[in-house]
Structures are given as structure tokens and as C-alpha cells.
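Engineer: Structure for this input, please:
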Amino acid sequence: PALTPADIAGLRRDLLAGYAPYARAGRVILDKMPQNFRWIGLLLTALPEARLLHLSRAPLPLAWSLYRHLFTGRGNGFAYDFADIATYMLLHRDLMAFWHRRFPGRIAEIAYADLVSDPVATSRRLVAASGLSWSPACLAPEQAPGPVLTASAMQIRQPIYSGSDAAWRRYARQLAPLRAALQLAGVTAADGM
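Structural biologist: Numbers count the residues shown, from 1 in each chain. Okay, the predicted model is just below:
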């Protein structure tokens, strides 16, 4: 019913222990699973030093990206039904607005379209929001030596490119029900997810 300070301290210990094998220098780890937005309150409470970056993307390209991936693990079943994707995106939009109100200034917003159209300026903003030092290597994520344990592992091992947001257009006719589900749920182009 209510978390105690001991619960939060235990969560902190568990998070740090769980992430430790993946953080090469013990300082930085990026976790980008689609459901992470649900845990922002717990994460920012248990890890007050954490920097949270929210990468938003236009709804239709994001919905197509979710739909076409074969996620392993439980909890991503919503990604295989157009109406469920739309409902989930609405939940995401509303919950992110709540987290911004609850933790003002602790969540940096980065637009995917900005990242691919102007990688230098956007990467500099992203690095500054992370509290890290700039390096030219930030513009070559495909050369990063660390492990990539996500569905986009192949994409991450390529230079930054801008064609991903248009990929859904090849299937525009087949995705008409997805577009309709997004509109019915009230998710619009203005809703960067």
C-alpha cells in the first residue's frame, strides 16, 4: 500500500546490483525498453542522481516500429494489436505529462526527428542533459564497444540515419487500421511519444 524508505533503499541496491554487469565504467547505462516510462517515479526516487532522457518520436513511425518487432520477454504483448498500441501510446502520453509535473526539470526531452536531422546539436543537448562530457565519439554510436541488448541492436550498429521514420510508408495501405486506431484513441501527430 505504501513504500517505506527501506523499500526505496532496497530498490536502489537491487537496481545498482542489476545494472552493474552492464555499466563498463560503473557510471553510465542506457536502458530503453518501451515500458520504462511506467517506472520513472520509482527510478527517480531510488536513484536521485539519475538523469532521465525521454526520446520522443512521431506516433505513426513509433507504432510501426513497435508492431514490427518481435519482443522477447513478457509485457510487450500490446505491440501486436493496433488498438492496444494506440491505447498504450495514450497511456504513455498522459503518464509522461504526469511525471513532468511530479519531477520538474528532471526529465530531458529529446525529439528523435531532431536527433536524426541535426545529430551534432541534438547529441550535444543530450550529452549535456546527461551530465556527461562531450566527445566526438557521441556522433558514432555504431562504434561503441559496449553490449546492446535490445531489439534495435542491428540499428544501433549503423551510423545515424534519417530514413527510419518513413519506413512505415511502404505499408501505408496495410497500416490504415493502425492510423485509424491512433486517431480514435486521440493520439495525434502533435503527440511526440
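
Engineer: which secondary structure elements does the longest helix along the chain contact?
Structural biologist: The single longest helix within the chain, with elements called by DSSP state H, is helix 82-102. For helix 82-102, the elements it packs on are helix 40-46, helix 59-68, strand 107-111, helix 176-185, judged by 3 or more CB pairs under 8 Å, 6 or more residues apart in numbering; DSSP states H and E. The C-beta positions use only the backbone N, C-alpha and C, and glycine is treated the same way.

Engineer: Single out the most deeply packed of the ones you listed.
Structural biologist: Across the helices and strands packed on helix 82-102, the average number of neighbours (mean count of other CB atoms under 10 Å) peaks for helix 59-68, which reaches a mean of 20.

Engineer: contacting residues around Arg51?
Structural biologist: Ala108, Ala129, Ser130, Gly131 (CB atoms under 8 Å, 6 or more residues apart in numbering).

Engineer: what is the rounded mean pLDDT of the longest helix of the chain?
Structural biologist: Averaging pLDDT along helix 82-102 gives 92.

Engineer: quick check: angle from it to helix 176-185?
Structural biologist: Calculated by axes from the mean of the first three to the mean of the last three CA atoms, to 10 degrees, helix 82-102 forms an angle of 40 degrees with helix 176-185.

Engineer: May I have helix 82-102 exported as PDB, CA atoms only?
Structural biologist: These are the backbone C-alpha positions of helix 82-102, laid out as PDB (Å, rounded to 0.1, in the frame of the first residue of the first chain):
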ATOM      1  CA  PHE A  82      -3.200  -1.900 -33.400                       C
ATOM      2  CA  ALA A  83      -5.900  -0.800 -30.900                       C
ATOM      3  CA  ASP A  84      -3.600  -1.900 -28.000                       C
ATOM      4  CA  ILE A  85      -0.700   0.100 -29.400                       C
ATOM      5  CA  ALA A  86      -2.900   3.200 -29.600                       C
ATOM      6  CA  THR A  87      -4.200   2.800 -26.100                       C
ATOM      7  CA  TYR A  88      -0.700   2.200 -24.800                       C
ATOM      8  CA  MET A  89       0.600   5.300 -26.600                       C
ATOM      9  CA  LEU A  90      -2.200   7.300 -25.000                       C
ATOM     10  CA  LEU A  91      -1.200   5.900 -21.500                       C
ATOM     11  CA  HIS A  92       2.400   6.900 -22.300                       C
ATOM     12  CA  ARG A  93       1.500  10.500 -23.300                       C
ATOM     13  CA  ASP A  94      -0.600  11.000 -20.200                       C
ATOM     14  CA  LEU A  95       1.900   9.400 -17.800                       C
ATOM     15  CA  MET A  96       4.800  11.300 -19.200                       C
ATOM     16  CA  ALA A  97       2.900  14.600 -18.600                       C
ATOM     17  CA  PHE A  98       2.300  13.400 -15.000                       C
ATOM     18  CA  TRP A  99       6.000  12.600 -14.500                       C
ATOM     19  CA  HIS A 100       7.000  16.000 -15.800                       C
ATOM     20  CA  ARG A 101       4.700  17.700 -13.300                       C
ATOM     21  CA  ARG A 102       5.800  15.500 -10.500                       C
END
